[in-house]
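Undergrad: one predicted model, sequence on top.
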Amino acid sequence: AGLWDNSGRAAGIGAISQTCCQARDMLVLHLVTYLFPPAQGGLEMRMLRLVRSLSQNGVKVIVHICAPPEEYDYGGATEVEGIEIRLTAGNRAIWEEPLAGSGWPKSLVAAERRRLDFLSLRSAIAREMTRFPDSKHVITSNFITTIGFLAATAAEDLGLPHIACVVGTDYSRGFRNPAERAVMGMVAAQATCVVTTNGEQERAIRRSFGARNVITIHSAVDAQALPYRWKRAKAGSVALFSDGGYSHKKGTQVLLWSFGKLREESLPVTLTICGNSHAGQQPYWRDLRSDYSARLGTHVKFFDHVALPLVWDLMSASDVYCSATLGEGCSAARVAALCMGMPIVTTRCGEMPDVAEGAGHVRLAAPGDATAYLAELRRASMDLLEGRLSVDSPRVEAWRAHFAPSRELGDWQALLRQVTA
């Protein structure tokens, strides 16, 4: 991958922590994101784990949160679990007061708010640059569209390196529509480095935008999930599980439809789903859950948000991890299932083609193809019932090593060393 390949990764591990602990040489990493814990979400929890690891290894991390208070109220907090946070949307509030009820077209109001977002973020980062005048400052952003563009404009204005991170939806959706794709190209051209979370994203950005400054860093598994190891629940039935919540992006309705078809075929399958409902879709999911509960009774169980340790308990005690997702970056849940050695039926996107193609206990269907997903779910269920499905143990051990938190930390340390050299 040229300049941004992973050669010399081992040499980068520890290099940041050895130098940045000295005040004059400290590295300050400004993470620009829309939400951050305690807001719930796989991306948010992944970023908390990563920035905590970086901060424990000599990097000063400051998180700039752009979500308005009405979407998530941080209660005026200035840190989360020891990580400093800045609420940039609150800083712009007085400036946008005249926009409320102005009667202006929504597009014009949105344009003015984008200007205020930029000014608020630039000012917030500039204050930290004054606070740490002898340090090196780097901006990194979640999403290459929206937040990525905002961070790019601030980095340009302040003359700072910008690491633009590509995640799931902004690639799987944004790359396929003209407005967002154009923004991706602009951010990729401006960025010092683009970090993708899977090979499909990296190849697409290199091919479509001619970018050379691209590197893939797979997200790590949550270390607390590593003690969990999968065992077949019980013979004679198949327990399906999903923690993808209730969202069109996760294909929850396709999973339910497929499950219903298998029940109609008299297969002894059960299904448990947990997670939040996608914003604005709650009435649809309430009605669909009610319908399936009425038709299938105790064979289907629905839960709302469940804390992670209980999620892993439910997952490891089931027979198949299921996700009919439309697109992923590097899915925390699927990575956990891989490292548990659990049978999986999901779609061929995100990290899965990079690491799991050809594994006998992982079945992949084309994203957006409901019939193909049903076929793979049926095949995996039948193979389990008839004793034909065996776990590829050597692959599982390789995944546990590859998705170790120390590997992800080392990749980021090496990257930060490169962009600040």
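TA: Yes, it's here.

Undergrad: pretty sure F303 contacts C274?
TA: Yes. With contact defined as Cβ atoms under 8 Å, F303 and C274 form a contacting pair (3.8 Å). (Each C-beta comes from the backbone N, C-alpha and C, glycine too.)

Undergrad: those two: which is more packed in?
TA: More crowded of F303 and C274, by other Cβ atoms under 10 Å: C274, with 20 against 14.

Undergrad: spatially central residue in this structure, please.
TA: For the chain, the residue nearest the mean C-alpha position is L43 (3.7 Å; Cα atoms, centre = their mean).

Undergrad: so it sits against V167, correct?
TA: Yes. The pair L43 / V167 is scored as a contact, 6.0 Å apart, by Cβ under 8 Å.

Undergrad: which neighbours do the two share?
TA: Shared between the contact lists of L43 and V167 (criterion: Cβ atoms under 8 Å, 6 or more residues apart in numbering) are residues 142, 329.

Undergrad: can you pull out the helices in the stretch 151-300 of the chain?
TA: If DSSP state H, counting those that start in this stretch is used as the criterion, the helices of the stretch 151-300 of the chain fall at 168-172, 178-190, 199-209, 252-264, 282-296.

Undergrad: any idea which of the ones you listed is most buried?
TA: Sort the helices of the stretch 151-300 of the chain by mean neighbour count, taking mean count of other Cβ atoms under 10 Å, and helix 168-172 sits at the top with a mean of 22.

Undergrad: residues contacting stretch 195-211, please?
TA: Residues contacting stretch 195-211 (Cβ under 8 Å, 6+ apart): 1, 140, 163-168, 171, 175, 181, 184-185, 188-189, 194, 212, 214-219, 328-330, 349-351, 353-354, 415.

Undergrad: with stretch 147-162 instead?
TA: Residues outside stretch 147-162 that contact it (Cβ under 8 Å, 6+ apart): 30, 32-34, 66, 114, 117-118, 121-122, 125-126, 129, 137-142, 164-165, 170, 183-184, 186-187, 190-193, 419-420.

Undergrad: out of the residues you listed, which are buried?
TA: Burial by neighbour count, 16 or more other Cβ atoms under 10 Å: within those this picks out 30, 32-34, 66, 117-118, 121-122, 125, 137-142, 164-165, 170, 183-184, 186-187, 190-193, 419-420.

Undergrad: those residues in strands, which ones?
TA: Judged by DSSP state E, the buried ones among the contacts of stretch 147-162 include 30, 32-33, 137-142, 164-165, 193 as members of strands.

Undergrad: can you tell me which one of these sits lowest on pLDDT?
TA: In terms of pLDDT, N142 ranks lowest among these, with 90.

Undergrad: what is the helix or strand where the residue nearest to the centre of the chain lies packed up against?
TA: Using DSSP states H and E, L43 sits within helix 42-55. Under the contact definition 3 or more Cβ pairs under 8 Å, 6 or more residues apart in numbering; DSSP states H and E, helix 42-55 sits against strand 27-33, strand 59-65, strand 83-87, helix 332-340, helix 405-419.

Undergrad: pLDDT weak spots in this protein?
TA: Per-residue confidence for the chain (pLDDT under 70) gives these ranges: 1-24.

Undergrad: 50 instead, please
TA: Counting by pLDDT under 50, the chain shows low-confidence ranges at 1-22.

Undergrad: so how far is E97 from the residue nearest to L409 when sequence neighbours are not counted?
TA: If the residues on either side of it in the chain are set aside, L409 comes closest to S53, at 4.7 Å by Cβ to Cβ, 6 or more residues apart in numbering. Separation of S53 from E97 (Cβ to Cβ, to the nearest Å) stands at 40 Å.

Undergrad: same check on R417?
TA: Plainly put, R417 is 44 Å away from E97 if you go by Cβ to Cβ.

Undergrad: what of F302?
TA: The value you get for F302 to E97, if Cβ to Cβ is used, is 42 Å.
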